[in-house]
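Undergrad: The sequence and its predicted three-dimensional model are supplied below.
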Amino acid sequence: MTEPLLSIRNLQVQFRADSGWVTAVDDVSLDVGEGDCVGIVGESGSGKSVTALSILQLHDRGTTRMPSGSIQYRGDDLLRAEGAALRRIRGREIAMIFQDPMSSLNPVLTIADQISETLRRHQGLTGAAARKRVVELLGLVRIPDAPRRADEYPHRLSGGMRQRAMIAMAIACKPRLLIADEPTTALDVTIQAQVLELLRDLRQELRMSVMLISHDLGVIAEFAQRVVVMYAGRIVEQAPVAELFRQPVHPYTIGLISAVPKLDSDAARLTLIPGRIPGPQEDIPGCRFGPRCAWVQACCRDASPSMMSVSDLQSARCPPRVVALGAPHG
Amino acid sequence: MVDQPIVQVRDLCKTFPVKHAGGVSTLHALSGVNFDIKRGETLGLVGESGSGKTTAGRILVGLIPATSGTVNLFGHNITGVDAKAQLAAVRSRLQFVFQDPYASLNPRMRVGTAIAEPLDIAGTYSRKDRNDRVAELLELVGLPRNSIERYPHEFSGGQRQRIVIARALALNPEFVVCDEPVSALDVSMQAQIVNLLLDLQDRLGLSYLFIAHDLAVVRAVSTRIAVMYAGAIVETAPKTQIYLSPQHPYSKALLDAVPRADPAYVRAPVVAGEVPSLLDPPSGCRFHPRCVFVMEQCRQEVPLLKCSGSDRRVACHLFGNGGSNVRETM
């Protein structure tokens, strides 16, 4: 296997709180290969967005720190990158889109102005050349009537069109990696389907790798090739999408998949995971899912479990289950 | 008397004035909505943003007045000339639960006081009866007794929604409007609240209007479904019929757009276009600009909700006794 594009190792992220530093993300290791499409799924507080923000260091530096771990992008350690080097990577190599396009767009600049800014900064395009490229990009994200839409202000566009404009801006410099943090969560379901289809097409056309972050297992199942499941700041399972849904290993993954209400079932009562998601400040000895787990054993409370391989492609942070499945090694 | 619907909505219309630089325009939020809800039944009202589902719910509980049409609750017309008196007569028999439980709770009011507030306003409870009732309500929604002394911020989102439900049930309502009650919750919490609502319905014989954009959740809770689009109901039927064989092209497009938590699922082509502006809705059928079956008639004539099968009503020129009944291609 060739060197992955992005490689995160043992990342820990902490936030400053009244009581000192609390750990929001712990021991996160994952790879994104060239042309890969990795989905990160988890509920509130799972650390999925925090992990994504760490890649481009978009956290508030005063209240966030990354005491250990590394994030390698094509051989460079992003956590050691500063100023100019980081700015070169942001936007040009790695681009990011967020849930709410309205808060990512400047309300007093037209769409064309905002996309041109990226083009000027990274590609030195100005005037007519920049304008031509803006219209081309808006066409690429399938905004109808692109030359006219380019001169609109964000509030004049619908939510779906704004997200398309954000995507146009993100792909303006043909990044190798696009990080999409809940890109369709604020959109209606028919518009969500359109935007996912667009992202899928663009991934192929531009040969980008994509990291998609979502709380919605449906979106993940449809879009991702490989899935990382997070719970309470840690990765609990990693697997190719087909394996994850066919044979989930971690009890949380199993719970999450069965808790999703099914469109093709008339069953009234939904399967639930008892208890609630712990906050980052809660000190839970051993496995953080232990208090909610149906398979919990004495050993789960003793030590924090580590990731164990189930097969070459699948691993889970649940030694009892991995052993029970007769997996070859740890 | 048994089969007499407790809620009857006829030709309900609602317009809102929208001020802008050029004057005042009219936003057509609801255009001729009809539905019934029988005792013990749950009507699931589904649709995307701007479909009018929330507006319908708010009119039903008397939070906003209708522009025209009638709403009959327990035989009282709350939209007639003596609307105020009629609404007062049924007020204690209706309740509502909204999406964001935190916005529905006063952060400085203890949970016990909040739940007792409807009892205090009713003023017919002795001190002891009031306290007994609060304890009983907490038990009903599965919250510990010591919650009485605590404040809303001490609870998770799911628990806060339980508090809101307990308060809604204080005066023994018969009909509850639930507007996106689980949309703000994580999947594992969603299931807990959905199951609670179903248990309460069984125990107390409640009827619900369940408004939601998540079609899978709606399928779990509803008896019947009404699909709304741009201010009108396009199809209504028992839930299995809607989910297994949607007739209206929009119902089908909506179901097709939902991502399935199944990597092997192959999605049907995504519907093009976006929801129209309600300031200037399309002529004829409001879905016609996005519909793949569009005919000349659709551009001119507004389709009425007509019987199509024993218990189904569809507003589409392709179906119903007024339509030409072509359906081979769907």
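TA: Nice, thanks for sending it over. Numbering: from 1, shown residues only, chains lettered A, B, ... in the order given.

Undergrad: all strands for the stretch 151-300 of chain A, in order.
TA: Under the criterion DSSP state E, counting those that start in this stretch, strands of the stretch 151-300 of chain A are mapped to A:177-181, A:209-214, A:226-231, A:234-240.

Undergrad: and those strands as TSV, adding distance to chain B, mean neighbour count and mean pLDDT?
TA: C-beta coordinates here come from the backbone N, C-alpha and C atoms, glycine included. Below are the strands of the stretch 151-300 of chain A laid out as TSV (distance: least, C-beta to the nearest C-beta, whole Å; neighbours: other C-beta atoms under 10 Å in any protein chain shown; pLDDT from 0 to 100):
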stretch	distance to chain B	mean neighbour count	mean pLDDT
strand A:177-181	14	24	97
strand A:209-214	9	24	97
strand A:226-231	9	26	98
strand A:234-240	9	24	97
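
Undergrad: And for residue A:308, nearest residue in space, chain neighbours not counted?
TA: Setting aside the residues directly before and after it, residue A:308 is nearest to residue A:322 in space (C-beta to C-beta, 6 or more residues apart in numbering or on different chains), at 4.3 Å.

Undergrad: Keeping just the C-alphas, turn the helix or strand containing the one you found into CSV.
TA: Residue A:322 belongs to helix A:319-324 when elements are defined using DSSP states H and E. The C-alpha trace of helix A:319-324 is given here as CSV (Å, rounded to 0.1, in the frame of the first residue of the first chain):
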residue,chain,number,x,y,z
PRO,A,319,-11.4,-6.7,23.3
PRO,A,320,-14.1,-9.1,24.7
ARG,A,321,-16.1,-8.9,21.5
VAL,A,322,-13.1,-9.2,19.2
VAL,A,323,-11.9,-12.3,21.2
ALA,A,324,-15.4,-13.7,21.1
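
Undergrad: number of nearby residues for residue B:297?
TA: Counted with other C-beta atoms under 10 Å in any protein chain shown, residues neighbouring residue B:297 total 15.

Undergrad: That one touches residue B:284, doesn't it?
TA: Yes - proximity of residue B:297 to residue B:284 meets the contact threshold set by C-beta atoms under 8 Å, at 7.5 Å.

Undergrad: State the mean pLDDT of stretch B:43-62.
TA: What stretch B:43-62 shows for mean pLDDT is 94.

Undergrad: What residues sit buried inside that stretch?
TA: B:43-48, B:50-62 (16 or more other C-beta atoms under 10 Å in any protein chain shown).

Undergrad: Check stretch B:198-215 too.
TA: Counting neighbours by 16+ other C-beta under 10 Å, one finds that the buried residues in stretch B:198-215 are B:198, B:200-201, B:206-215.

Undergrad: Low-confidence bits of chain B, can you list those?
TA: B:1-3, B:320-330 (pLDDT under 70).

Undergrad: What values do phi and psi take at the residue nearest to the spatial centre of it?
TA: Among the residues of chain B, the one closest to the centroid is residue B:211, at 2.7 Å (C-alpha atoms, centre = their mean). Phi and psi for residue B:211, reported as degrees, to the nearest 10, are phi -100, psi 130.

Undergrad: ok, it - contacts?
TA: B:45, B:46, B:53, B:54, B:56, B:57, B:177, B:178, B:179, B:180 (C-beta atoms under 8 Å, 6 or more residues apart in numbering or on different chains).

Undergrad: what about 7 Å?
TA: By C-beta atoms under 7 Å, 6 or more residues apart in numbering or on different chains, the residues touching residue B:211 are B:45, B:53, B:54, B:57, B:178, B:179, B:180.

Undergrad: Let me have those residues in JSON lines, extended by secondary structure.
TA: Converted to JSON lines, the contacts of residue B:211 look like this (DSSP: H, G, I helix; E, B strand; the rest coil):
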{"residue": "B:45", "secondary structure": "strand"}
{"residue": "B:53", "secondary structure": "helix"}
{"residue": "B:54", "secondary structure": "helix"}
{"residue": "B:57", "secondary structure": "helix"}
{"residue": "B:178", "secondary structure": "strand"}
{"residue": "B:179", "secondary structure": "strand"}
{"residue": "B:180", "secondary structure": "coil"}
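
Undergrad: And for the closest residue to residue A:279 other than its chain neighbours, the neighbour number?
TA: Sequence neighbours aside, residue A:45 is the residue nearest to residue A:279 in space, at 6.6 Å (criterion: C-beta to C-beta, 6+ apart). A total of 18 residues lie near residue A:45 under the criterion other C-beta under 10 Å.

Undergrad: Check which helices and strands the lowest-mean-pLDDT helix or strand in chain A is in contact with.
TA: For chain A, counting by mean pLDDT, DSSP states H and E, helix A:101-104 ranks last in confidence among helices and strands (a mean of 83). Helices and strands touching helix A:101-104, by 3 or more C-beta pairs under 7 Å, 6 or more residues apart in numbering or on different chains; DSSP states H and E, are helix A:159-170.

Undergrad: Can you give the distance from the helix it packs on to the centre of its chain?
TA: 17 Å (C-alpha atoms, centre = their mean, to the nearest Å).

Undergrad: number of nearby residues for residue 87?
TA: In the absence of a named chain, this looks at chain A. Using other C-beta under 10 Å: residue A:87 sits among 13 other residues.

Undergrad: wait, chain B
TA: With other C-beta under 10 Å as criterion, residue B:87 counts 19.

Undergrad: Point me to the helix or strand that includes it.
TA: Here residue B:87 is assigned to helix B:83-90, by DSSP H and E.

Undergrad: Now do that helix: everything it contacts.
TA: So helix B:83-90 is contacted by B:62, B:73, B:74, B:76, B:77, B:78, B:80 (C-beta under 7 Å, 6+ apart).

Undergrad: So in terms of bridging, what pairs with residue 177?
TA: Using chain A. On the basis of DSSP bridges, residue A:177 is bridged to residue A:94, residue A:209.

Undergrad: sorry, should have said chain B
TA: residue B:96, residue B:209.

Undergrad: hang on, it packs against residue B:59?
TA: No - here residue B:177 lies out of contact with residue B:59, judged by C-beta atoms under 7 Å, at a distance of 9.9 Å.

Undergrad: ok, back up a step: and the helix holding residue A:322, what's buried?
TA: A:319, A:320, A:321, A:322.

Undergrad: Of those residues, just say which sits nearest to chain B.
TA: Among these, residue A:321 lies closest to chain B (C-beta to the nearest C-beta), at 18.4 Å.

Undergrad: what sits against the closest residue in space to residue A:33 that isn't next to it in sequence?
TA: Leaving out its chain neighbours, the residue that sits closest to residue A:33 by C-beta to C-beta, 6+ apart is residue A:4, at 4.8 Å. Neighbouring residues of residue A:4 by C-beta under 7 Å, 6+ apart: A:31, A:32, A:33.

Undergrad: let's see it at 10 Å
TA: Residues near residue A:4 by C-beta atoms under 10 Å, 6 or more residues apart in numbering or on different chains: A:30, A:31, A:32, A:33, A:34, A:36, A:72, A:73, A:74, A:209.
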